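generate coordinates for the sequence data below:
(2 chains)
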Amino acid sequence: MVRDVQNRMTERSDDRWILSVGIDIGTSTTKMIVSRLRLMRTSSVLSLPRYDIVERELLYESPIYSTPLKSADEVDADGIWQILAREYEHAAVRPEELKSGAVIITGETANKRNAKRILHLLAERSGDFVVATAGADLEGLLAGKGAGAEERSLRIRGAVANIDIGGGTANAAIFQRGKPIGTVTFHVGGRLIQVDTGGAITEVSPSIRRWLNASGYRLEPGQRVSFEVLQQICSAMSRNMLDYLAGYASADQEPVRALLLGEPLSPMPPIEEWMVSGGIGRLMEEAKPNGLADTAVHGDIGPLLAHTIKELSSRYAIRLVKPDQTVRATVIGAGMQSTEISGATVHLDESALPIRNLPVQKLEVTPHLLAHTEHLAQAVSQTMRTAAGLFDAEASPPFALAISGLRPLTYASLQRLSETIYESFIAYFPSSGVIVVVCENDIAKALGQALAKRAGAGPKLVCIDQIKVEHGDYIDLGQPVAGSMIPVVVKTLAFHNRVEVTDV
Amino acid sequence: MNRTIPLDQLVDKVMAELQKKLPAALQNAASQPAANVTESRMPSETGSADDFGPPISHVPNAKWAEGVEELIASTPARIGVWRSGTRPLTREMLKFRCDHAAAIDSVYGTVSQPLLDEFGLFTVDTYFENIDNYLKRPDMGRIIRDDGVERIRRSCRMKPQVQIVVSDGLSANAVDANLRDVYPSLLDSLSAHGLSLGTPFFVRGGRVAVMDHIGDIIEPEVLVLLIGERPGLVSSRSMSAYMCYRPRKGTVESDRTVISNIHPRGTPSLEAGAHIGSVLKAMLEQKTSGVNLDI
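Predicted structure coming up:
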């Protein structure tokens, strides 16, 4: 599985490659991949430098391991680390070589008692800038990117949904013209109901009980069920999910509501194509189970659920297409698609990097604000006050100030803006040693320069641009590549503000 | 009298008149796109905030409106402008001629003296004599007149680390539109990088290679020339920053580094100014410029 281990480090050629890792610890399986991302200058020699990731090459993919558990509510940290240490060896990479990537803890595993601690431990042991992520929104987006739904959406007019279905949850991410427009998560998964080949229920996950009750099913461990009952359950579950995605069912009705994890999508965009990734996506390609013995090969309802979804989905006016990846969609998304590159004209204090898990507070600088000094001061002060209320004021940095708008901008208004931001930041965060600013437009070097002029020997400055973030996102900032730009991972929560699940 | 009405306003007036003459029924039939045209001011070269508004498709009842908008947003070219029969709409035709006229005006315009005074730039002339001759004889725009050379010798610090020169080149408009942002941003970036600056000045009727003559006179380590670019139909006020390590007579084009297309819809002027400092710093460190410079 190892391809081209030689000559993949960055410094030797003009091409700039960075090694990236993806680790996915799911409800039933754990897997990792190693990839390399090629950075190339995409702006003309006559323009300001701008680099983009132009190629993502998969170098290594691990086998699929069962997620090691210590008990029903505890992940076996040592077990996972042993797997990873072995896989790093097989991939012939050292953690120090990895400049980017993400560890993602998904599905029901994210609810385990020690999930948070494990995630951070793994991220820190796995490389200089490997970030920890969790949260169904991000998981769905990464799987959608890994499965190819994002790219597919650029080739057709309508929206493309990828439903990544694993053991515990189904994460749907919807893309339109290359942009994510929504995510939604369901309690639909192959391992929610565990059953043996004789039809005896061995376990029923607590997260599916509400839906089972609402749909009129009583299932308890030890109980025996027929193949037909399992077929009915899978069929009802799949229909509720697909009806909701297709816009036929509303989240107000009880069985559907019980199936949803977190907030429903509103409004539901019309979908033109859908695809299914994850373990269920792979099972869809295998033979259809005809009885209890075929169904329970993995000790759960997975194969039956897969084929039920496959058959049901053809009844909708939405095309079912094949994903690029099935069971590895999330890990490939995490390893290859989670990283962005900032603009190449930025202002960096290298000693402040890397920065992990920085919450984002947004400031929209409209032409009106730029024209009215007192309004600008109010808006900036308001943003700082909100941030001071939400985040740890002692932290360095406490948050990332995301600035959008800023066009057109004159030298005079840039000076005014940087003055206002600096004064306000110092007033609200007097003991913070780092200011982080993320701009949407290509202005970071000029803004950073203007802020640095004011900061002097005071707080360190990291001012980057050409990264789009939203309120409630978390970002990770890596160490500079080629001295002039940094890898950035945006952990989006743009669709629902479920801070509790993503506060990792 | 003609000189007192800016072209784009004239176009707006003509459009308003045409709109009035349309029978009300026809106006309704013409549907939304036509109505948008009169409400929104035409994108013009006057530097108003309208320049940055989202591009508007004029295709009526497009089969895929979002797709047309995506295409329009991807290019400054005149697409999705619609037609009347086989001919362009009056509005598009006027806009085209307006842009063309603006391009010509830029070449024949002069840089605002108060702007030069604001930054304390004195003026020297090349041998260009007049615009017509300047266009015919590029070589004459590369040599500073003797009295200018005298003035430079008298006023400028010799052998500075960084020499800044501003010139109108083919678009005086470009200097008027961008200097106020590029120049102070550039000065900030020089001081942030700890680079020392010579005495800046303005060259009237300059060509890019006037850098070589100035290099011979002042002998700077690096020279940056902020000069108006040949205007086009997209922008008539685009500026370039040409940079060279030790420019001298005989310097070849490949030894010059350039950041071009500096205008409100192109390379952002503030960011360009801030970046020029880093480029100059790299030139001083690597003692080279142009294709040999590694940045």
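
contacting residues around residue A:484?
The contact partners of residue A:484, by C-beta atoms under 8 Å, 6 or more residues apart in numbering or on different chains, come to A:49, A:344-346. Bear in mind the C-beta positions are built from the backbone N, C-alpha and C, glycine included.

go again with 6 Å.
When contacts are counted by C-beta atoms under 6 Å, 6 or more residues apart in numbering or on different chains, residue A:484 touches residue A:344.

now do residue A:332
Residues near residue A:332 by C-beta under 6 Å, 6+ apart: A:33, A:146, A:325.

point out where the stretch 51-200 of chain B drops to low pLDDT.
Across the stretch 51-200 of chain B, the ranges flagged by pLDDT under 70 are B:51-55.

all helices of it, in order?
Taking DSSP state H, counting those that start in this stretch, the helices of the stretch 51-200 of chain B run over residues B:65-73, B:90-108, B:113-118, B:131-136, B:146-155, B:172-192.

pull the distance from the fifth one to the chain's centre.
Relative to its chain's centre, helix B:146-155 lies at 27 Å (C-alpha atoms, centre = their mean, to the nearest Å).

and it, what's buried?
For helix B:146-155, a neighbour-count test (16 or more other C-beta atoms under 10 Å in any protein chain shown) marks B:148-149, B:151-152 as buried.

helices or strands up against it?
For helix B:146-155, the elements it packs on are strand B:122-125, judged by 3 or more C-beta pairs under 6 Å, 6 or more residues apart in numbering or on different chains; DSSP states H and E.

picking that back up, dump the contacts of residue A:332 into JSON lines; add secondary structure as well.
Listed next are those as JSON lines, based on DSSP: H, G, I helix; E, B strand; the rest coil:
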{"residue": "A:33", "secondary structure": "strand"}
{"residue": "A:146", "secondary structure": "helix"}
{"residue": "A:325", "secondary structure": "coil"}
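
kindly identify which of the residues you listed also come near chain B.
Contacts with chain B are made by none of the contacts of residue A:332, judged by C-beta under 6 Å from any C-beta of the partner chain.

present those as CSV; the columns should include distance to residue A:459, pLDDT and neighbour count.
Formatted as CSV, those follow (distance: C-beta to C-beta, whole Å; pLDDT from 0 to 100; neighbours: other C-beta atoms under 10 Å in any protein chain shown):
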residue, distance to residue A:459, pLDDT, neighbour count
A:33, 38, 92, 27
A:146, 38, 93, 30
A:325, 43, 91, 25
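
which of those sits closest to chain B?
Set against chain B, the nearest of the contacts of residue A:332 by C-beta to the nearest C-beta is residue A:146 (24.7 Å).

so the nearest residue to residue A:187 once chain neighbours are set aside: helix, strand or coil?
The shortest distance from residue A:187 to any non-neighbouring residue, by C-beta to C-beta, 6 or more residues apart in numbering or on different chains, is to residue A:207 (4.8 Å). Three-state assignment for residue A:207 (three-state DSSP): helix.

now residue A:412
Under three-state DSSP, residue A:412 comes out as helix.

which of the buried residues of helix B:146-155 lies closest to chain A?
The closest of the buried residues of helix B:146-155, once distances to chain A are taken by C-beta to the nearest C-beta, is residue B:152, at 26.8 Å.

give me the neighbour count for the nearest residue to that closest one once chain neighbours are set aside.
Distance criterion C-beta to C-beta, 6+ apart; nearest residue to residue B:152, sequence neighbours excluded, is residue B:217 at 5.5 Å. By other C-beta atoms under 10 Å in any protein chain shown, 16 other residues sit near residue B:217.

okay, and residue B:217 sits in which element?
Element membership of residue B:217, judged by DSSP states H and E, is helix B:210-218.

distance from that helix to the middle of the chain?
Using C-alpha atoms, centre = their mean, the offset of helix B:210-218 from its chain centre is 23 Å.

and the residue most central in space within chain A, what does it touch?
For chain A, the residue nearest the mean C-alpha position is residue A:138 (2.8 Å; C-alpha atoms, centre = their mean). With contact set as C-beta under 6 Å, 6+ apart, residue A:138 has these partners: residue A:491.

so after the helix or strand it falls within, what's the next helix or strand?
Using DSSP H and E, residue A:138 sits within helix A:136-147. Downstream of helix A:136-147, the first helix or strand assigned by DSSP H and E is helix A:149-155.

ok, what's across the strand from the residue lying closest to residue A:358 once chain neighbours are set aside?
Take residue A:358 and drop its neighbours on the chain: the residue closest to it by C-beta to C-beta, 6+ apart is residue A:400, 4.8 Å away. Residue A:400 has these beta-bridge partners by DSSP bridges: residue A:360, residue A:436.

next up, the contacts around residue 96.
Chain wasn't specified; assuming chain A. Contacts of residue A:96 (C-beta under 6 Å, 6+ apart): none.

what pLDDT is listed against the residue in the stretch 51-200 of chain A that chain B sits nearest to?
Using C-beta to the nearest C-beta, the closest approach of the stretch 51-200 of chain A to chain B is made by residue A:157 at 6.1 Å. With respect to pLDDT, residue A:157 scores 89.

surely it is within a helix?
No - counting by three-state DSSP, residue A:157 is located in no helix; its state is coil.

distance of it relative to residue A:323?
Residue A:157 is 20 Å from residue A:323, where distance means C-beta to C-beta, to the nearest Å.

between the two, who's got more neighbours?
Per other C-beta under 10 Å, whichever of residue A:157 and residue A:323 has more neighbours is residue A:323, with 24 against 12.

how much space separates that one from chain B?
As judged by C-beta to the nearest C-beta, to the nearest Å, residue A:323 and chain B stand 25 Å apart.

what about the residue nearest to residue A:358, how many residues close to it?
By other C-beta under 10 Å, 26 other residues sit near residue A:400.

repeat that for the one 10 residues further on.
A count of nearby residues for residue A:410, using other C-beta under 10 Å, gives 15.

what are the phi and psi angles of residue A:319?
For residue A:319, the backbone dihedrals are phi -70, psi 130 (criterion: degrees, to the nearest 10).

what's across from the closest residue in space to it that isn't next to it in sequence in the sheet?
Excluding its sequence neighbours, the residue lying closest to residue A:319 (C-beta to C-beta, 6+ apart) is residue A:273, at 4.5 Å. With DSSP bridges as the criterion, residue A:273 is bridged to residue A:160, residue A:319.

ok, residue A:273 - contacts?
Counting by C-beta under 6 Å, 6+ apart, residue A:273 touches A:160, A:319, A:321.

and for residue B:82?
B:58-59, B:89.

strands of the stretch 151-295 of chain B, start to end?
Ranges of strands in the stretch 151-295 of chain B, per DSSP state E, counting those that start in this stretch, are B:162-167, B:201-204, B:222-228, B:239-245, B:256-262.

among these, which is nearest chain A?
strand B:256-262 (4.2 Å).

name the helices or strands packed onto that closest one?
On a contact count with 3+ C-beta pairs under 6 Å, 6+ apart, strand B:256-262 meets strand B:239-245, helix B:269-286.

buried residues of that strand, list them for me.
Residues B:256-262 are the ones in strand B:256-262 that count as buried (16+ other C-beta under 10 Å).

and if you look at stretch B:278-291?
B:278-284, B:288-290.

same question for stretch A:450-463.
A:450-452, A:454-455, A:459-463.

of those, which is the nearest to residue A:211?
residue A:462 (45.6 Å; C-beta to C-beta).

go ahead and list the helix or strand containing that closest one.
strand A:460-464.

can you list contacts of that strand?
A:342, A:346-349, A:352, A:434-438, A:444, A:447-448, A:451-452, A:455.

that one pairs with which strands?
Short version: by DSSP bridges, strand A:460-464 pairs with strand A:347-348 (antiparallel), strand A:434-439 (parallel).

let me see the mean pLDDT of that strand.
94.

and the next element down the chain from that strand?
strand A:474-477.

what helices or strands is that next one leaning on?
Looks like strand A:474-477 contacts strand A:355-365, strand A:487-491 (3+ C-beta pairs under 6 Å, 6+ apart).

quick revisit: could I get the strands of the stretch 151-295 of chain B in TSV, plus columns for distance to residue A:406?
TSV is the format used below for the strands of the stretch 151-295 of chain B (distance: least, C-beta to C-beta, whole Å):
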stretch	distance to residue A:406
strand B:162-167	26
strand B:201-204	30
strand B:222-228	23
strand B:239-245	20
strand B:256-262	17
